[in-house]
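# Build me a model:
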Amino acid sequence: MAVTLAQAINQALKDAMSDDERVLMFGEDVGRLGGVFRVTDGLQEMFGEGRCYDTPLAESGIVGTAIGLAMYGYRPIAEMQFDGFTYPAFEQIVSHLAKMPNRSRGTVKLPVTIRIPYGGGIGAVEHHSESPESYWVHTQGLKVLTPGTPEDGYSMMRAAISSDDPVVFLEPKRRYWMKSDVELPVETEPATQAVVRREGTDASLFCYGPMVRTALEAADAAADEGWYLEVVDLRSLAPLDTPAILASVQRTGRAIVVHEASRTLGMGAEVAARIQEGAFYHLEAPVLRATGFDTPYPPAKLEEYWLPDVDRILDCLERSLSY
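A predicted model of the protein is given here:
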């Protein structure tokens, strides 16, 4: 049956709430409306206003409430309505959510899942198309997961909710309507493992979240030219599956990283550093990056030029193969 990413995450939330009465869902407009992307549609009707409810427009308060609930034994899921709305909650996430378990020597568990629709491609206004993953990856104490397929949307969300560690769950908003033939419930590979989406011999293409589909399209286009890309979906940004990254580069000898976020201090820089440290003598060319630009996210009419696309990836591939 054809299931969208939004539907898969919605079903994961329903199943988790059905299985465990300690699971709560709250955020801005997640109740009666069902969320601006309808990912929480039907939850309030099914579980009542005590377990799925709307909050004031105060992200710091949302996360602070989630921390308090977790300390009292609940497993809260807090939605940040858009990626650019997370910044008011930055202090709560970095100073308290990420640090409390370590501060208490592990005696305080914070099984909090923070859902964040992220990335561009929907023609939205300012603060609605950000890629803040590097902030959370750099914050020790957080797991950072991002699904690139509907089946991973379901399985990885269930894994996030069941984790005793705080999880930032990044949902690629322009892929919410991407469909896959899958029967739910489904359990995919462990959430912290990278997955090879397509095998190849000429170069490794590392991607995640909204860029998984773009990477596979680039691999199709490259194959038409006789170039065979290995597409690796990182899935987990923290922890990063370094052994899977190195194993792919050892097979192909070349590496390209693609992500929507700006280039400087993006995930591409970290992946490149780990490849240089662990697979330097296997490289036939420098690690290259196809990314967003080092500018604020542009107006909607210009975002197609700002976002990395198939052509930008193929340009990297051609440059890599020229060495």
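# OK, contacts around the closest residue to Glu284 other than its chain neighbours?
Take Glu284 and drop its neighbours on the chain: the residue closest to it by Cβ to Cβ, 6 or more residues apart in numbering is Gly253, 4.0 Å away. C-beta: built from backbone N, CA, C; applies to glycine. Shown here is Gly253, whose contacts under the criterion Cβ atoms under 8 Å, 6 or more residues apart in numbering are 203, 282-285.
# Just flag the most distant two among those residues.
Across the contacts of Gly253, no pair lies farther apart than Ala203 and His282, at 12.1 Å, counting by Cβ to Cβ.
# If you count surrounding residues, which of the two has more?
Between Ala203 and His282, counted using other Cβ atoms under 10 Å, Ala203 has the larger neighbour count: 26 against 15.
# Okay, domains of this protein per the record?
Domain assignment for the chain by automatic domain parsing gives 2-181, 195-321.
# Put together JSON lines for those, with mean pLDDT on each row.
Supplementary listing: those in JSON lines, determined by pLDDT from 0 to 100:
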{"stretch": "domain 2-181", "mean pLDDT": "97"}
{"stretch": "domain 195-321", "mean pLDDT": "98"}
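# right, so of those domains, which gets closest to Thr188?
Put simply, out of the domains of the chain the one that sits nearest Thr188 is domain 2-181, at 4.2 Å, with distance taken as Cβ to Cβ.
# What is the end-to-end distance of the closest one?
When the termini of domain 2-181 are compared using Cα to Cα, to the nearest Å, they are 4 Å apart.
# Mind checking which residue lies nearest the centre of this structure?
The residue at the geometric middle of the chain, judged as the C-alpha nearest the mean C-alpha position with Cα atoms, centre = their mean, is Thr146 (2.1 Å).
# quick one, what contacts that one?
Thr146 makes contact with 118, 133, 169-172, 208-209, 235, 237, according to Cβ under 8 Å, 6+ apart.
# can you pull the buried residues of stretch 138-153?
If you call a residue buried by 16 or more other Cβ atoms under 10 Å, then stretch 138-153 has these buried ones: 139, 141-153.
# actually stretch 71-80, not the one I typed
Counting neighbours by 16+ other Cβ under 10 Å, one finds that the buried residues in stretch 71-80 are 74-80.
# Just the closest of these to Met100, please.
Closest approach to Met100 among these (Cβ to Cβ): Pro76, at 13.8 Å.
# Just give me the neighbour total for Thr4.
Counted with other Cβ under 10 Å, the neighbours of Thr4 add up to 18.
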